[in-house]
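J.: starting from these lines, generate the structure:
(one chain, ligands or ions: 1)
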Amino acid sequence: MNPWKEAILETDPDLDVEIWPRVEKNERVTFAVVWNQPPNVLNSYPNLGVVSSLGAGVDHLISDKTLPEKVKVTRVVIPSLKEQISDYVLNAVMNYRFNTATYVDQKRIGQWNPIDPIQKADLTVGVMGLGEMGQSIIERLQLNGYKVFGWSRSGSQVGNTVCYGGDQFDDFLRRTNILVNALPLTSETNGILDLEVFKKLTSHSYLINVGRGAHLIEEDLIYALDTDALQGACLDVFEEEPLPTHHSFWNRPKIMVTPHVAAITDPKEAAKVIVENYKLSLSGMSLMYEVDRGKGY
Ligand code: GLV
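T.: Prediction:
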């Protein structure tokens, strides 16, 4: 059985779950659960009231011009997503500090060449995006003794962390060595990671992108690496996924590539939020993790 159907039925065996494109009667569909749906699918269910993303991101829903306006959009925020993404970022920071990628290459050719690690005290990590994921990344880094600043367009605060707002972006960047992107993808944040941003980072500058590929101007990253404006990057998300085989990122030693695995949704855990939201929608109550479709997050 489809793992999502199985997880939803395990949560509530009385539900009627169908897997697209095998849907018996389109009129019966009131709630949908989707990831990277093609256009012109969600507009074929006249009684659709709510669509839940299978993950934390909803850009695939916000950008779907064929999603009827009346349909509410929710997302899945579960502890394991926050746990994974924080671990991923911490690991990327450590790999950079301890030159892990270089030692993997050295081992391949039998080379013993110690390189001084970057001291924790010499680093500040700047986290862009202070939603559920950004906050949890900040906490994990702080627990591990890192100095961390936050930035978001709205300038929201996270505990006692120094957080910068929209117009303080330059101040934030000038104090940052390792830049972590955990922003939602919206028309305002599309292409935000560009050469101007990389040039403002301070020494030991490194990029970790766990947001979306479209946040990054890919040519600017290459240029920044070639001109030493940036020392390296760890990328989990790409403009085109899977990353095409001919893509230049594959052959760049300074770029670590992972195949969109920083936070993988566990169907069993997510099903609890999905079923709960389905029931809330039936009783007309306000939904959990509902997205403002205008804002895009
Ligand atoms: C993954 O990218 C997600 O949005 O959950």
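J.: pull the number of nearby residues for the residue of the stretch 51-200 of the chain found nearest the ligand.
T.: In the stretch 51-200 of the chain, the residue that lies nearest the ligand is residue 55 (2.3 Å; Cβ to the nearest ligand atom). C-beta coordinates here come from the backbone N, C-alpha and C atoms, glycine included. When counting by other Cβ atoms under 10 Å, one arrives at 19 neighbours for residue 55.
J.: skipping adjacent residues, who's closest to it in space?
T.: Of all residues not flanking residue 55 in the chain, residue 265 sits nearest, at 5.0 Å (Cβ to Cβ, 6 or more residues apart in numbering).
J.: for residue 176, what is the enclosing helix or strand?
T.: Using DSSP states H and E, residue 176 sits within no helix or strand.
J.: residue 136 and residue 150: what is the separation?
T.: Separation of residue 136 from residue 150 (Cβ to Cβ, to the nearest Å): 12 Å.
J.: contact partners for the residue nearest to residue 55?
T.: By Cβ atoms under 8 Å, 6 or more residues apart in numbering, the contact set of residue 265 is 54-56, 76, 78, 81.
J.: adding pLDDT, distance to residue 155 and secondary structure, write those out as JSON lines.
T.: Output for the contacts of residue 265, formatted as JSON lines (pLDDT from 0 to 100; distance: Cβ to Cβ, whole Å; DSSP: H, G, I helix; E, B strand; the rest coil):
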{"residue": "54", "pLDDT": "96", "distance to residue 155": "30", "secondary structure": "coil"}
{"residue": "55", "pLDDT": "94", "distance to residue 155": "26", "secondary structure": "coil"}
{"residue": "56", "pLDDT": "95", "distance to residue 155": "21", "secondary structure": "coil"}
{"residue": "76", "pLDDT": "96", "distance to residue 155": "26", "secondary structure": "coil"}
{"residue": "78", "pLDDT": "96", "distance to residue 155": "27", "secondary structure": "coil"}
{"residue": "81", "pLDDT": "97", "distance to residue 155": "24", "secondary structure": "helix"}
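J.: distance to residue 166 added to those residues, as a markdown table?
T.: Shown next, in a markdown table, are the contacts of residue 265 (distance: Cβ to Cβ, whole Å):
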| residue | distance to residue 166 |
| --- | --- |
| 54 | 30 |
| 55 | 26 |
| 56 | 22 |
| 76 | 27 |
| 78 | 29 |
| 81 | 26 |
